[in-house]
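**Q** A predicted structure for the sequence below; I have some questions about it.
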Amino acid sequence: MSDLFASAEPPAAPESGQAPVAEAGRPLADRLRPQSLAEVVGQEHLTGEGGALTRLLRGKSLGSLICWGPPGTGKTTVARLLAQGTDLHFEQISAIFSGVPDLRKVFEAARKRRATGQATLLFVDEIHRFNRAQLDAFLPVMEDGTVTLVGATTENPSFELNAALLSRARVLLFRALDPGAIARLLVRAEALTGQALPLTEEARGVLVRMADGDGRAALTLAEEVWRSAGPGETLDAEALQDIVQRRAPIYDKAQEGHYNLISALHKTVRGSDPDAALYYLCRMLDAGEDRLFIARRLVRMAVEDIGLADPQALVVANAAKDAFDFLGSPEGELALAQAAIYLACAPKSNAVYTAYKAATRLAKEAGSLPPPRTILNAPTKLMKRIGYGEGYRYDHDEPDAFSGQDYWPDAIGRQHLYAPTERGYETRLAERLARWEALRKARRGEG
């Protein structure tokens, strides 16, 4: 995790185009390691005057913590500062490289320290990589005070950590650094190195965006710029992108980022915002999401959120899937974009979705009720004799091609499940259903 300083004034009259001398090869992020909570940027909700971390340090007493947030937001740095501020021995392991035997050694060393009066803060990076049995190993040493656990994870603890561990720890949310925080980091780096970044104002803004909320990434990119720029050269946005290429978006197709973006896409379509829908669609495409997964979700939106308010929506969504199958990438992605915009602009109705759920519930609750014999076929003499098909009226031979017969099982009677809205094509369906209901009552003498 990156170690992030607060802003500082840039050096006077810095020279550009010459790489700053690194201190014994140490990365810039390590050289800018904060020495106090006040020097951590971007987490003011935790480090400010009334923040949770400030209160913990002020009280000189810690409980176990889970630090949850994107990479490069200061989770490791904060753990070190907490240990320093509470006079705890700092021990760090990574779940990627550690197993149960390693944990036993760490716990035993912590017990020995405790016997001499020295408590231990155990920092576990990528704690979500441990399996359930490994996570359970922490429970007794957390309960008896052998260690104060501070775990860092980029994944949602609700999904990745077991409930027993979460019940014994407080979750602190670390936020991705906003552009202002990234910009302050770059100013601090310039002050430390005595060199201005050789970038135009536009290119500097591009670098901030490339960091994608990750402080360590921002400083790594800055180092790359200093190494690549020639003497006296100032890089514009295009040159910057050529030099550092681009940083892959933070997006794991099997983890929370995947679900967050598809949820955002679905809800912006449902909310009739084509611009936002297109933005989230392109976020997913840019991150390498499976195009057919997106196409399937678009079909789901068409049937779940639009339905019969615009029956063409399902046709458009299916056509987009077929077009992508036919064209492939990247041309086929335009069909997905077209479908997303169409669905966002379409009138919305979940009347079919609601009716389907109600019908499913009724079918399960009512059991195996037989349909009325009137609408049953009678392929044998016996079936005819016991009344199958008796009295059935062929709708096409009736006035208005509508007989108004009752098709429901006698045990539950006629039910109303589908309630069309007053949006889009469903307004016409509502009028048609109202007319049929009036005819039905008239032909039964109920009108």
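**A** Arrived safely.
**Q** run the chain-centre distance for stretch 107-117.
**A** 41 Å (CA atoms, centre = their mean, to the nearest Å).
**Q** got a list of contacts for it?
**A** Outside stretch 107-117, the residues that touch it by CB atoms under 8 Å, 6 or more residues apart in numbering are His89, Glu91, Ala119, Thr120, Leu122, Ala137, Val141, Gly145, Thr146, Val147. In this view, the C-beta of every residue, glycine as well, is placed from N, C-alpha and C.
**Q** okay, now the domains of this protein?
**A** For the chain, automatic domain parsing gives the domain ranges 43-173, 256-345, 366-443.
**Q** list the buried residues for the longest helix along the chain?
**A** Among the segments of the chain that qualify as a helix by DSSP state H, the longest is helix 426-443. Buried residues in helix 426-443, counted by 16 or more other CB atoms under 10 Å: Glu426, Leu429, Ala430, Leu439, Arg440, Arg443.
**Q** in a markdown table: those residues, plus distance to Pro34 and pLDDT.
**A** Shown next, in a markdown table, are those (distance: CB to CB, whole Å; pLDDT from 0 to 100):
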| residue | distance to Pro34 | pLDDT |
| --- | --- | --- |
| Glu426 | 58 | 94 |
| Leu429 | 63 | 94 |
| Ala430 | 63 | 94 |
| Leu439 | 77 | 91 |
| Arg440 | 76 | 89 |
| Arg443 | 82 | 82 |
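**Q** which of those residues sits closest to Ser329?
**A** Glu426 (35.8 Å; CB to CB).
**Q** enumerate every residue touching the closest one.
**A** Gly307, Leu308, Ala309, Pro347, Ser349, Ala351, Pro420.
**Q** skip the chain neighbours and tell me the closest residue to it.
**A** Pro420 (3.9 Å; CB to CB, 6 or more residues apart in numbering).
**Q** quick check, nearest of the buried residues of helix 426-443 to Gly205?
**A** Closest to Gly205, out of all of these and judged by CB to CB, is Glu426, at 46.6 Å.
**Q** gap between that closest one and Arg80?
**A** 60 Å (CB to CB, to the nearest Å).
**Q** just Leu32 next, same as before
**A** 14 Å.
**Q** Leu240 now?
**A** 32 Å.
**Q** of those two, who's got more company?
**A** Legend: neighbour count by other CB atoms under 10 Å for Leu240 and Arg80, higher for Leu240 (26 against 19).
**Q** CA atoms of the helix or strand containing that one as CSV?
**A** Remark: Leu240 resides in helix 237-244, with elements defined by DSSP states H and E. Below are the C-alpha coordinates for helix 237-244, written out as CSV (Å, rounded to 0.1, in the frame of the first residue of the first chain):
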residue,chain,number,x,y,z
ALA,A,237,-1.0,14.8,-23.0
GLU,A,238,-0.4,12.7,-26.1
ALA,A,239,3.3,12.3,-25.3
LEU,A,240,2.5,11.3,-21.7
GLN,A,241,0.2,8.6,-22.9
ASP,A,242,2.7,7.3,-25.3
ILE,A,243,5.4,7.1,-22.6
VAL,A,244,3.4,5.6,-19.7
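**Q** what comes up buried for that helix?
**A** Ala237, Ala239, Leu240, Val244.
**Q** where are the low-confidence patches of the stretch 51-200 of the chain?
**A** Along the stretch 51-200 of the chain, no part satisfies pLDDT under 70.
**Q** I meant the stretch 201-350 of the chain, not that one.
**A** Ranges of the stretch 201-350 of the chain meeting pLDDT under 70: 245-257.
**Q** and of the contacts of stretch 107-117, the nearest to Gly42?
**A** Using CB to CB, the contacts of stretch 107-117 come closest to Gly42 at Leu122, 25.1 Å.
**Q** ok, that closest one touching Leu149?
**A** Yes. Applying CB atoms under 8 Å, one finds Leu122 in contact with Leu149, separated by 5.5 Å.
**Q** for Leu88, which non-adjacent residue is closest in space?
**A** Leu88 sits nearest to Leu121 (CB to CB, 6+ apart), 4.0 Å away.
**Q** whoops, I mixed them up, Glu202
**A** Using CB to CB, 6+ apart, the nearest residue to Glu202 is Ala237, at 4.9 Å.
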